[in-house]
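Q: build the 3D model from these lines:
(chains A and B)
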Amino acid sequence: MARVIYGAWDGKVFDNRDKGIFEIEPMPELAGFDFFNEGNVVKAFLGDRGFFVFEPGVDLLDALRRYAEEAAEESCGKCTPCRMGSRLVRDKLAQLCRGEGDAALLAEIESLARHVRQTSLCGLGQTCMTPLLCALEHFPDMIGETRDPSGAAAVQHAMHYVTAPCIEACPAKVNVPRYIDYIKNGQPAHSLGVILQKYPMAATCGRVCVRFCEQACRRNLVDEAVGIKTLKRYVADLERGLSEEWFSKDMIRSPQPAHLKVAVVGAGPAGVSCAYHLLLKGYPVEVFEAKNEPGGMAASGIPSYRLPKEVLRAEADIVERLGGRIRYNARLGKDFDLDGLFAQGFKAVFLGLGCDKGRPLGVEGEDLSLSGLWTGIDFLLQVHECLQGAACMTLKGVVAVVGGGNVAMDCARSALRMGAGEVHVIYRREQKDMPADQVEIEAAKEEGVVFHFLTNPSRILSEDGRVTGVELVSMRKGEPDGHGRRRVEPDPGSERLFGCQALIGAIGQEVDAACFGASDGIRFNRWGCVQADETTLDTGRPGVFAGGDCQLGPSTLINAMADGLKAARSIDDYLHFGRVRFFPRSRMRHMISEFRALSKESVEIPVENLYRVEVKELDPNVRKRIFDEVEKPISTEEAYHEASRCLRCYRIYSVVTESPIPDAAL
Amino acid sequence: MRPSRPRNRENESDSEKAMEATINQARIAIRENETILEAARRGGHFIPTLCELADIDHAPGSCRVCLVEITRPGHEEPAIVTACNTPIENGMVVRTRSRRVREMQRLQVELLLADHDLDCAVCARHGDCELQDAAQFVGLRQSRYARPDLAKQRPRDESSPAIIRDMGKCIRCLRCVEVCRREQGVDALVFSGAGLGAEIAVRGGASQGASDCVACGQCVLVCPTGALAERDETEIVVDYLYDPDVITVFQFAPAVRVGFGEEFGLPPGTNVEGQVIAALRTLGADVILDTNFAADVVIMEEGAELLARLKEGRRPTFTSCCPAWINFAEKLYPDILPYLSSTKSPQQCFGVLAKTYLPERMGIDAGRVRVIAIMPCTAKKDEAQRLMFRKDGVREVDVVLTTREFAHLLRREGVDLAALAPSRFDSPYMSEYSGAGAIFGTTGGVMEAAARSMYSALNGRELEHIEIRALRGFEAVRTAEIDLGGSVGKVRLAMCHGLKGVRTVVEDVLAGRSDFDFIEVMACPGGCVDGGGRLRSKKQYQPNALKRRASIYAIDANKTVRQSHNNPQVKRLYQDFLGEPLSHKAEDLLHTRYIRRRNAVKQTIAGIWRDITLSTLVHSEFDALDAHRANAGREAKAPLARSGKTGGRD
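A: Below you'll find the model as predicted:
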């Protein structure tokens, strides 16, 4: 556990310089700060609120100079103090390092650094001088105004990491403030370019993302989070015409050898994203898709009133534009298996086959052959097929949907659109416990969906092979469980009958185990998901990596796309080095999150309230019967306004290590 | 659009009444959603500002000069904030003049000057610069960080005949971007680059000419420094004046005479037509004539054209006098071009007549004539260079001076306009004008002038109420229906000024959603009286718009001849030279055609990725930053190892 020799963080000063290293009390908050990578001791850490020195012999001045160098390089140039001040500080620290300093120079550095911190427009300028100012204030003797330049030759290994709370919250680590910058700056194509660095499905994500970034947005401390998702959709839609011509095989400048073929199983968000990145890295990629169209759960599981099919389709097409091949109607376990892929010459496989088997309710009378009874996912699939013109169905009368997640909301709202007279959602906990997106819940209510909380089905009633109703039981709240949610249990004697013509059980999904045989060498975890290493997505079988819902369980689009990127990086390493290399930035992220350096934020200075853009929607009474997209696009003017709300909460983190940090792919 | 900063504060709710703050020891009742700067200005406390421009609701907070010290209730430590975008709060104590504040404001301006081209004596804004003012306000006496080398590295864009963009003088206030975006809706400017390379660029990295820029010059009007200016062509005019072989023929626009006096200390809006004539005489001008005359000619042609089109059932027709509007139509909405009147602008009608009709009448050699136009407009410079406005390579209009250059010219020649006795035109040819020609300078004027003449043509008598109130107003897009009588009857009219409103009107026409017969367009908000070539006004956007407008209408009201077709010199022109409106000769000389100039920027994702800065790419071969580092090496490269990736955003 790391022992702080000296340092300061959040105004708290640590000074153990007079103690022997083992006399220093280790700090439990700094667990995980001992080694950066294997055997590589972390000697110092610098961040937005101060710095720590863990080892003797750290050249603090040099570390600060390099941190300042990073700050100067990251300055966007919009505001005066950061643009010019950070550069002057950098240059003057370099002068100090060369031994050309005196008391006047030191005073000048301090005044400039203070000026940058106090008067900069955004989070970068406001925080990037903090380690330097902490050092100047509390440990001036460790910097010194004079310095022997010959003593500076000792090599200090360091790494810098620039991030923001929204970036850290995003599974794909999209550089959110940067793409907002580009909107603000009037360069929407560049904005989309920033998003496309991480995944190809920007317009899809701009419609259905669950917005971890917006939860982390520091604008929440002022008024409301920046409408990040809305802005993403704005640039993706605006540039859609252009972006259709953006991708072609020509852009791959360094193709890999033809024999390094990679197979991707599943053309859902994880598979498409993985194929995209592998293709950009120059690998020949073939995608195997069980259905006859790309998109996976985003195609069949997300209703078109939220995600128009052509939007998704255009983005999935990028794989083919880049020279990838998609084989449709090829189902793992039925049409091919893993051994077969390797036998065909594929050198690596990504499993992104999803988690598309609906979980049964497990109550008496449940028989999936009953007419009017579906799992949530099967229902959505049937709606999707109906809208594609195949196997149409109509709903009549009362429909009950069991579950409180987004799939349940999708089922409820789709059921209305398919003609249901009434739609009731049955959820065993309270509204505040619902895992569904609040926006979705509100939209469903506006459309007339009725909610029954603290209620659960206990028996399914049927007649002549048709669902006729469901027996419901009230739930009562018990003690909190380990996760802080209160357990619920049935209230005996509260059973009553609820007549309905259809019942949809949207309580979860699992991986279709029929896809794998014993020879595949794939293991499953206790939730029935494909077992894989969290960081590398390595399944244990050499060359086979797994990500997205099949590895995470039913998750989100953005998690799946992030896994696609992660897997592409792992496969690239595997094919070149036979193993997945250490990934320094991922390590930095873990350090930061362990330390919670980005949490407990407050905004010290009053900030003007700027209301979040209101996304216009189709009228609930109109939209509830049609599958047209509910959310309307925002105007350019609204986009400029919304982009101007971003506080650009960039922060720079830096480590000094004993030995060089191993290089890794970007 | 800033729904968050309501500008109408008349309906204050009860809860706001009690709110109070202290600025420099004086208590002040504050309003909801008010910034410190707004409250301070109301209370008479001066705070130096630079990027902020209240008239266009612009406070990007980029210059950081308007620093003040605040203490919030419940906070002991005072904080330094920018007044322009920090809300004032109940109980807040604000100090605008503490020593700390003054020192920080001073340092800020010093940092601003560090990469600024400090060659002030030769700057277009010499003596009229908001940055110089700011340096004075904060008491700056030295510039320790000045780096002329950095200023020199910043680009200077001279690709446009109209506007020079000298980034070495840009302070990144973003006013130009804002006015182009929000007031004009052209959106041709972007903020690009990063760090010291951060600059205002033309969208798509193109030259101004090849870009969406329409040369309206509204950006020049709001620029606080000399970063944006017209292409200065006064030297050419001086050469002409001093050349005995050249016969100089001057014209000045309807709006110039009401927007020029304040440069010489006269009240804004003063009609200085007589002084301008006198000043030109003092300069040695050979022939002094009036663009207003040409405006009357335009009405003859355009009115006839419009009536012909109405009879053919072709509608709507757009006016064509405004060159920035022509650029806008050609570059952004080429499909609208068939709807534009083919009549040249008054400037060009004047030019072509001054090189054909005038020499013939005056018995002078047309080859010696040089036409010099004084215009409140930057786009007129651009217009005068169009290839179709040349005959055998000779330009119809040789030089266009903006009102600002004309002011420079007078100062160079030691002419004090205010001290001159007003004079009069003395040419029997192209100097007399009707009230209709005079009102061309303001929004609605062309329409009103046209209506007067068309009514007469259709009914054989003059319109009774000659001042058509329905056409006068200040909304960005106004519509009216008037009865022209005769065979035409009621017509639907629209008048738009400011290209933002124009965009909507054009889109409606193209989509078949509109029902107009005649649409007047002036690209600049307010019309030519507030054109991009008018005198600059520091820290204000259109301070004199209404005064100039009132003067223009007063000129009309005081004229005995108020219809273009009754202008005796116009009558003589048609009698002796052109024949009739739309005659073969008139078509040849006074009409033009337009070119589709849509600028399709071809982008690829690879190109965009190479262009993106401050965001590390997953695929390094597209990483501009990496490429930059590999090629250029890094300044002050340390003797230390860099492992990992810097700029390591993931």
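
Q: now do the strands in the stretch 401-550 of chain A.
A: A:422-426, A:450-452, A:455-463, A:466-480, A:486-490, A:496-499, A:502-505, A:509-510, A:544-546 (DSSP state E, counting those that start in this stretch).

Q: okay, now residue B:455: neighbour count?
A: Residue neighbour count, defined by other CB atoms under 10 Å in any protein chain shown, stands at 24 for residue B:455. The way it works is simple: take the backbone N, C-alpha and C, and place the C-beta from them, glycine included.

Q: actually, residue B:323.
A: Neighbours around residue B:323, by other CB under 10 Å: 27.

Q: check residue B:511 too.
A: 8.

Q: and it, how far from residue A:439?
A: Distance, residue B:511 to residue A:439, using CB to CB, to the nearest Å: 32 Å.

Q: likewise residue B:254?
A: Per CB to CB, residue B:254 is found 56 Å from residue A:439.

Q: look at the two and report which has more neighbours.
A: Counted by other CB under 10 Å, residue B:254 and residue A:439 do not tie: residue B:254 has more neighbours, with 28 against 14.

Q: where does the more buried one sit: helix, strand or coil?
A: Per DSSP: H, G, I helix; E, B strand; the rest coil, the local secondary structure of residue B:254 is coil.

Q: pLDDT weak spots in chain A?
A: Within chain A, the stretches with pLDDT under 70 are A:1, A:144-154, A:241-244, A:596-601, A:664-666.

Q: quick one, domains of chain A?
A: Per the record, chain A has its domains at A:6-164+A:650-657, A:165-246+A:617-649, A:249-358+A:511-583, A:360-507, by automatic domain parsing.

Q: ok, now which ones touch residue 443?
A: Here I'm looking at chain A. Going by CB atoms under 8 Å, 6 or more residues apart in numbering or on different chains, residue A:443 touches A:409, A:413, A:617, A:620, A:630.

Q: nope, chain B please
A: When contacts are counted by CB under 8 Å, 6+ apart, residue B:443 touches B:474, B:495-497, B:520, B:522, B:526-527.

Q: number of nearby residues for residue A:263?
A: Burial of residue A:263 is recorded as 26 neighbouring residues (other CB under 10 Å).

Q: relative to residue A:140, how far out is the residue in the stretch 251-400 of chain A that chain B sits nearest to?
A: Nearest residue of the stretch 251-400 of chain A to chain B (CB to the nearest CB) works out as residue A:251 at 4.3 Å. Applying CB to CB, the value for residue A:251 to residue A:140 is 52 Å.

Q: what of residue A:530?
A: On the measure of CB to CB, residue A:530 and residue A:140 end up 56 Å apart.

Q: what do you get for residue B:601?
A: The spacing between residue B:601 and residue A:140, counted by CB to CB, is 53 Å.

Q: which ones are touching residue 230?
A: Answering for chain A, as no chain was given. By CB under 8 Å, 6+ apart, the residues touching residue A:230 are A:206, A:613, A:615, A:634, A:642.

Q: right idea, wrong chain: chain B
A: For residue B:230, the contact set (CB under 8 Å, 6+ apart) comprises B:124, B:162-164, B:217, B:220, B:378, B:381, B:402, B:404-405, B:533.

Q: out of those, who's the most crowded?
A: Result: residue B:378 is most packed of these (other CB under 10 Å), 34 neighbours.

Q: helix, strand or coil for residue B:139?
A: coil.

Q: number of nearby residues for it?
A: Residue B:139: 12 surrounding residues under other CB under 10 Å.

Q: identify the residue spatially nearest to it, adjacent ones excluded.
A: Spatial nearest neighbour of residue B:139, chain neighbours left out: residue B:106 (6.0 Å); criterion: CB to CB, 6 or more residues apart in numbering or on different chains.

Q: how far away is the one you found from chain A?
A: 10 Å (CB to the nearest CB, to the nearest Å).

Q: domain boundaries for chain B, per the record?
A: Partitioning chain B according to automatic domain parsing yields domains covering residues B:19-97, B:108-230, B:236-590.

Q: leaving out the residues flanking it, which one is nearest to the residue in chain A that chain B sits nearest to?
A: Chain B sits closest to residue A:77 of chain A, with a gap of 2.6 Å, by CB to the nearest CB. Closest residue in space to residue A:77, ignoring its immediate chain neighbours: residue B:198 at 2.6 Å, by CB to CB, 6+ apart.

Q: separation between residue A:555 and residue B:27?
A: The gap separating residue A:555 from residue B:27 is 57 Å, by CB to CB.

Q: how about residue A:504?
A: Distance of residue A:504 to residue B:27, computed by CB to CB: 64 Å.

Q: over to residue A:88?
A: According to CB to CB, residue A:88 and residue B:27 sit 40 Å apart.

Q: likewise for residue B:298?
A: Distance, residue B:298 to residue B:27, using CB to CB: 59 Å.

Q: the two: which is more packed in?
A: Taking other CB under 10 Å, residue B:298 and residue B:27 do not tie; residue B:298 has more neighbours (30 against 10).

Q: so what does the helix or strand the more buried one falls within touch, helix or strand wise?
A: Element membership for residue B:298, per DSSP states H and E: helix B:291-312. If you count contacts as 3 or more CB pairs under 8 Å, 6 or more residues apart in numbering or on different chains; DSSP states H and E, helix B:291-312 packs onto strand B:247-252, strand B:317-318, helix B:346-354, helix B:435-438, helix B:445-459, helix B:568-573, helix B:584-590.

Q: who does the next helix or strand after the last one touch, helix- and strand-wise?
A: I take that to be helix B:584-590. Following helix B:584-590 in sequence order, the next helix or strand is helix B:605-611 (DSSP H and E). Where contact means 3+ CB pairs under 8 Å, 6+ apart, helix B:605-611 is packed against helix A:188-196, helix B:624-632.

Q: now, the contacts of residue A:230 that are in helices?
A: Those of the contacts of residue A:230 mapping onto helices are A:206, A:642, per DSSP state H.

Q: which one of the contacts of residue A:230 is nearest residue A:310?
A: Distance to residue A:310 across those (CB to CB) is lowest for residue A:206, with 14.6 Å.

Q: dump the residue contacts of the closest one.
A: By CB under 8 Å, 6+ apart, residue A:206 lies in contact with A:229-237.

Q: quick revisit: more neighbours: which of residue A:251 and residue A:140?
A: Legend: neighbour count by other CB under 10 Å for residue A:251 and residue A:140, higher for residue A:251 (20 against 12).

Q: surely the more buried one touches residue B:608?
A: No. Checked against CB atoms under 8 Å, the pair residue A:251 and residue B:608 is beyond contact range at 10.6 Å.

Q: now stretch B:338-347: buried residues?
A: Residues of stretch B:338-347 classed as buried: B:339-347 (neighbour count, 16 or more other CB atoms under 10 Å in any protein chain shown).

Q: and that stretch, how far apart are its ends?
A: Using CA to CA, to the nearest Å, one end of stretch B:338-347 lies 22 Å from the other.

Q: then stretch B:332-347?
A: 24 Å.

Q: and that stretch, how far from the chain's centre?
A: Chain-centre distance of stretch B:332-347: 20 Å, with CA atoms, centre = their mean, to the nearest Å.

Q: and stretch A:602-620, by the same measure?
A: Centroid separation between stretch A:602-620 and its chain, computed with CA atoms, centre = their mean, is 22 Å.

Q: what about it, near chain B?
A: Yes. Counting by CB under 8 Å from any CB of the partner chain, chain B has neighbours in stretch A:602-620: A:604-611.

Q: can you get me a residue count around residue A:482?
A: Close neighbours of residue A:482, defined as other CB under 10 Å, add up to 5.

Q: return the backbone torsion pair for it.
A: phi -60, psi -30 (degrees, to the nearest 10).

Q: next up, the contacts around it.
A: Residue A:482 sits next to no residue when contact means CB under 8 Å, 6+ apart.

Q: and stretch A:357-371, C-alpha only, in CSV?
A: C-alpha atoms of stretch A:357-371 as CSV (Å, rounded to 0.1, in the frame of the first residue of the first chain):
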residue,chain,number,x,y,z
LYS,A,357,-33.1,-15.8,-25.3
GLY,A,358,-36.0,-14.5,-23.2
ARG,A,359,-36.1,-15.7,-19.6
PRO,A,360,-39.4,-17.4,-18.7
LEU,A,361,-41.4,-16.0,-15.8
GLY,A,362,-41.2,-19.4,-14.0
VAL,A,363,-44.8,-19.3,-12.8
GLU,A,364,-47.6,-21.8,-12.9
GLY,A,365,-49.4,-22.2,-16.1
GLU,A,366,-46.5,-20.8,-18.2
ASP,A,367,-46.4,-22.5,-21.5
LEU,A,368,-44.6,-20.6,-24.3
SER,A,369,-46.7,-22.4,-26.9
LEU,A,370,-49.8,-20.5,-25.6
SER,A,371,-51.2,-18.0,-28.0
